[in-house]
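Asker: the amino acid sequence is not available; the structure is as follows:
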């Protein structure tokens with residue numbers, strides 16, 4: 001079984017209009033919403049074997065907050081700049097390179113890419129993955145290269161506004 005956690009970065013700041021898009025930091029509200037997600041993961045005893053993040057500051061900061069909360073070494077987060085401009089279809093390529101001894105992966109990135117990627121597997125599709133939102137999917141295979149052809153199930157779709165923490 002292979003599990004993917006698709007996580008959109010936390011809410012980011014637009015305060016500095018001259019700041020390049022990939023340099024925008026998180027807001028305090030975004031950080032608090034991400035803590036709600038961590039609490040959900042901890043309460044449900046969810047662990048992650050590997051975290052991949054976009055290079056953008058808001059995504060990498062989100063990944064580090066999640067890693068810290070889930071006791072994952074932040075220094076082992078893989079930064080992949082391709083996530084920043086990828087299409088949903090292209091994102092699947094990241095998983096083909098993973099070793100099969102990794103069973104669960106969290107990818108932290110951006111919309112519309114992550115919504116499009118999640119919707120490759122969701123029936124019915126979601127309209128929009130909100131900031132700090134998570135889609136969890138499990139594929140019935142032992143090999144990452146086989147996930148497009150494998151039976152799959154949706155574990156959960158998590159929108160932080162719905163969490164009571």
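Answerer: Received, thanks. Owing to the predicted nature of the structure, the values given are computational and were not obtained by experimental measurement.

Asker: return the helix or strand in the chain with minimum mean pLDDT.
Answerer: The element with the least model confidence among the helices and strands of the chain, by mean pLDDT, DSSP states H and E, is helix 88-91, at a mean of 85.

Asker: buried residues in the helix or strand following it?
Answerer: Secondary structure here is assigned by DSSP states H and E; on that basis, the next helix or strand after helix 88-91 toward the C-terminus is helix 93-96. Within helix 93-96, the residues that count as buried by 16 or more other Cβ atoms under 10 Å are 94-95. Placement of C-beta: from N, CA and C, glycine included.

Asker: show me what the least confident helix or strand of the chain is packed against.
Answerer: helix 113-119 (3 or more Cβ pairs under 8 Å, 6 or more residues apart in numbering; DSSP states H and E).

Asker: the strands in the protein, which residues?
Answerer: For the chain, the strands defined by DSSP state E occupy 2-8, 50-53, 78-79, 104-109, 134-139, 152-158.

Asker: counting by contacts, list what the first one packs against.
Answerer: Spelled out, that is strand 2-8. helix 57-69, strand 104-109, helix 113-119, strand 134-139.

Asker: repeat the analysis, applying 6 Å as the threshold.
Answerer: strand 104-109, helix 113-119, strand 134-139 (3 or more Cβ pairs under 6 Å, 6 or more residues apart in numbering; DSSP states H and E).

Asker: now stretch 108-122, how far from the chain's geometric center?
Answerer: Between the mean C-alpha location of stretch 108-122 and the chain-wide mean there is a distance of 9 Å, by Cα atoms, centre = their mean, to the nearest Å.

Asker: who's in contact with that stretch?
Answerer: Among residues not part of stretch 108-122, those counted as contacts by Cβ atoms under 6 Å, 6 or more residues apart in numbering are 6-8, 53-54, 59, 62-63, 83, 86, 88, 91, 125, 128-129, 135, 137, 152.

Asker: same thing but 8 Å
Answerer: By Cβ atoms under 8 Å, 6 or more residues apart in numbering, the list of residues contacting stretch 108-122 from outside reads 6-9, 51-54, 56, 59-60, 62-63, 66, 83-84, 86-89, 91-92, 107, 125-129, 135, 137, 152, 154, 157.
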